[in-house]
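> Sequence and predicted structure, then a few things I'm wondering about:
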Amino acid sequence: MKPQTKLSYHVEPFEVEERPRRFLEALAAIVEHSNYGPVLDFYTRVTAKCSRCTAACQVYEATSDPRDIPCNRSELLLRVYRRYFTLAGQLRARLFDSFVLTDGYIDTMAEEYWRCTACRRCKFSCPMGIDHGMITHLARWALAEIGIVPKAMVVSVREQLEGKTRNTSAIPAVAMKDSCEFLEEELEEMFPGQRIKFPMDVEGADYVFFPAVSDYLMEAPTLMGNAAMLHVINASWTIGSSNFDGIDYGLFYSDRMWERIIKAQVAEIKRLKGKAMLIGECGHASRAAREGMQNFIPPEERLPVRNIMELAYEKFIAGDLKLNANAIKERTTYHDPCNIVRTGWIVDQPRTILRHICEDYVEMTPRGADNYCCGGGGGTVSIDEIHDFRMSIGGKTKADQLRRTGAYYVVTPCANCKKQVEEIIAAHKLDMEKVGFHELLLKAIQFEPKVGFHDLMPDGPEFEPAATERG
């Protein structure tokens, strides 16, 4: 029997007969107070079941189960909307036997919408342009409003918004600082004479840095590469000790949570008088910040959002970031995180650098905007109880794709992708290693004997340097 997505849900104690009514009330409130209504109106009119999306869905590719066809899954929510929120549906219900939302139907939606990785690859093949990933998100949001949410999401978001640590991994600020001090010592041993720092609470910096907080626990080489790159380009940057987590799980299941998280991150930047938000190697954190800034922050308060790979690329092209050519001898390939590649935001920038520093760089097939999801997208990678599903179904196509490259290094510039790809390598016994983009960059970086921005900083919390950036 193939693995199923049997989730552990945080479920509110509603009576069974209450859930359909509450779901409809939640969906009605979402439609009234957001701009999803016109989109749903359009989709209910043009929706087609041509199933062209089957060729784009790696979950369906692994299961051949009709319920995993993206347009079939989307129809679960569109059917509810058509019946209860359109005039035609309401009239049809009065004249004929019609669909009725039941508690069992809600259970079906809860199961099906967490089988989707929300990678949005299927949108490219839909002749009507239906965004099935968006429908997945909307259905999850309505379910969340009646208390049907995977426990992993609830626990992480609650800690981030209301807990003592204010981050999804529950890392105290003192532990984060200790980790950064240790990494500074490691960098000093690697590059004697280079005072590579992780600056904390510096007011007026050009960039306030938000990596996925899990990087502080599990991705030390990537963080060291981040700091080294920013040191070499003489960037003005800082980490805020009150909020240092770029993760925003609201993107996966609730606009209400998404909005609260991005507002808390913006508040930290304003506390530090920062000028822009710099996201580390995380696809979903980058998209959540970029789109969240536009969707939930008033125009007069919005700040620029940059992914750290964009900054590295720009400085490399400008000549401010010097890297040794062909420093990486092993065959290397690059995995495109869905959340930064589907819209064409970050595609060729990291590849330009990798082709320079890697002697044997190869592409996956397909690549770029059409690349396959890691198999743990849409937040599913955070749900440990569906590990078997992620390996044998969600990640099967990705495993086959990785194997075909013959690469030793697979560059995965996203916290969720790193976790999923590392588990795929182990589960499918692939002879390769996942690495962060800046982890490889650290192996190729050239240091010059110069005085940098943070080399001028005297010790002491009272010092507040002016915000400058060379080049």
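Great, that's in hand.
> C-alpha only now, for contacts and for neighbours.
Will do.
> where's V347 relative to F191, distance?
As judged by Cα to Cα, to the nearest Å, V347 and F191 stand 31 Å apart.
> Looking at these two, which is more packed in?
V347 (17 against 13; other Cα atoms under 10 Å).
> wait, isn't that one in contact with P337?
No. Counting by Cα atoms under 8 Å, V347 does not reach P337; the two are 9.5 Å apart.
> Please give the element, helix or strand, for L430.
For L430, there is no host helix or strand (DSSP states H and E).
> how does the chain divide into domains?
9-147, 167-315+454-471, 323-444 (automatic domain parsing).
> Would you mind putting those domains into a markdown table with distance to E159 alongside?
Below are the domains of the chain laid out as a markdown table (distance: least, Cα to Cα, whole Å):
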| stretch | distance to E159 |
| --- | --- |
| domain 9-147 | 15 |
| domain 167-315+454-471 | 6 |
| domain 323-444 | 15 |
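> Where do the helices of the stretch 301-450 of the chain begin and end?
308-318, 338-341, 348-357, 387-389, 396-405, 415-427, 437-444 (DSSP state H, counting those that start in this stretch).
> what about the fourth one, distance to the chain center?
For helix 387-389, the separation from the chain centroid amounts to 20 Å (computed by Cα atoms, centre = their mean, to the nearest Å).
> Quick one: mean pLDDT for that helix?
Averaged over helix 387-389, pLDDT sits at 96.
> for the fifth one, same thing?
pLDDT averaged over helix 396-405 equals 98, rounded to a whole number.
> mind listing what's buried in it?
Buried residues in helix 396-405, counting neighbours by 16 or more other Cα atoms under 10 Å, are found at K396, T397, K398, A399, Q401, L402, R403, T405.
> just the longest one next, same as before
Of all the residues in helix 415-427, those buried under the rule 16+ other Cα under 10 Å are A415, N416, C417, K418, K419, Q420, V421, E422, E423, I424, I425.
> So what angle separates the directions of it and helix 396-405?
70 degrees (axes from the mean of the first three to the mean of the last three Cα atoms, to 10 degrees).
> can I get the CA coordinates of helix 415-427 in PDB?
Output of helix 415-427 as PDB, limited to C-alpha atoms (Å, rounded to 0.1, in the frame of the first residue of the first chain):
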ATOM      1  CA  ALA A 415      16.000  25.700   4.200                       C
ATOM      2  CA  ASN A 416      13.000  23.500   3.300                       C
ATOM      3  CA  CYS A 417      14.700  22.100   0.200                       C
ATOM      4  CA  LYS A 418      17.900  21.400   2.200                       C
ATOM      5  CA  LYS A 419      16.000  19.200   4.600                       C
ATOM      6  CA  GLN A 420      14.000  17.400   2.000                       C
ATOM      7  CA  VAL A 421      16.900  16.800  -0.400                       C
ATOM      8  CA  GLU A 422      19.100  15.500   2.400                       C
ATOM      9  CA  GLU A 423      16.500  13.000   3.400                       C
ATOM     10  CA  ILE A 424      15.900  12.000  -0.300                       C
ATOM     11  CA  ILE A 425      19.700  11.400  -0.700                       C
ATOM     12  CA  ALA A 426      19.600   9.100   2.300                       C
ATOM     13  CA  ALA A 427      16.300   7.300   1.400                       C
END
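> Output the contacting helices and strands for that helix.
strand 433-435 (3 or more Cα pairs under 8 Å, 6 or more residues apart in numbering; DSSP states H and E).
> starting at the chain centroid, how far to the strand it packs on?
Using Cα atoms, centre = their mean, the offset of strand 433-435 from its chain centre is 18 Å.
> tell me the contacts of K164?
K164 makes contact with A170, P172, according to Cα atoms under 8 Å, 6 or more residues apart in numbering.
> Count the residues that sit near the residue lying closest to N324 once chain neighbours are set aside.
Among residues not flanking N324 along the chain, A444 sits closest, at 5.0 Å (Cα to Cα, 6 or more residues apart in numbering). The number of residues packed near A444 is 19, by other Cα under 10 Å.
> Settle this for me: A444 is touching L323, isn't it.
Yes. With contact defined as Cα under 8 Å, A444 and L323 form a contacting pair (5.2 Å).
> okay, and the common contacts of those two?
By Cα under 8 Å, 6+ apart, the residues touching both A444 and L323 are I357.
> can you give me the strands for this protein?
9-10, 149-150, 207-210, 237-238, 276-279, 305-307, 332-334, 409-411, 433-435 (DSSP state E).
> List the neighbouring strands of the fourth one plus their orientation.
The strands beside strand 237-238 in its sheet (DSSP bridges) come out as strand 207-210 (parallel).
> picking up where we left off before, of the domains of the chain, which approaches V154 most closely?
domain 9-147 (7.2 Å; Cα to Cα).
> what's near enough to touch L402?
M364, V410.
> Could you check how many residues crowd around E112?
E112, neighbours per other Cα under 10 Å, totals 19.
> So that it lines up with my notes, have the first residue be 16 from now on.
Yep, numbering from 16; the last one is E127 now.
> Roughly how far does it sit from S89?
Separation of E127 from S89 (Cα to Cα): 10 Å.
> residues contacting Y349?
Taking Cα under 8 Å, 6+ apart, one finds R366, V377, E378, M379, V425, V426, T427 in contact with Y349.
> let's see it at 10 Å
365-366, 369, 376-379, 382-383, 417, 422, 424-428, 449-452 (Cα atoms under 10 Å, 6 or more residues apart in numbering).
> now do N87
Taking Cα under 10 Å, 6+ apart as the test, what N87 contacts is A63, K64, S66, C68, P81, L93, E127, H147.
> Which pair in those has the greatest spatial separation?
It's A63 and E127 that sit farthest apart of those, by Cα to Cα, at 19.0 Å.
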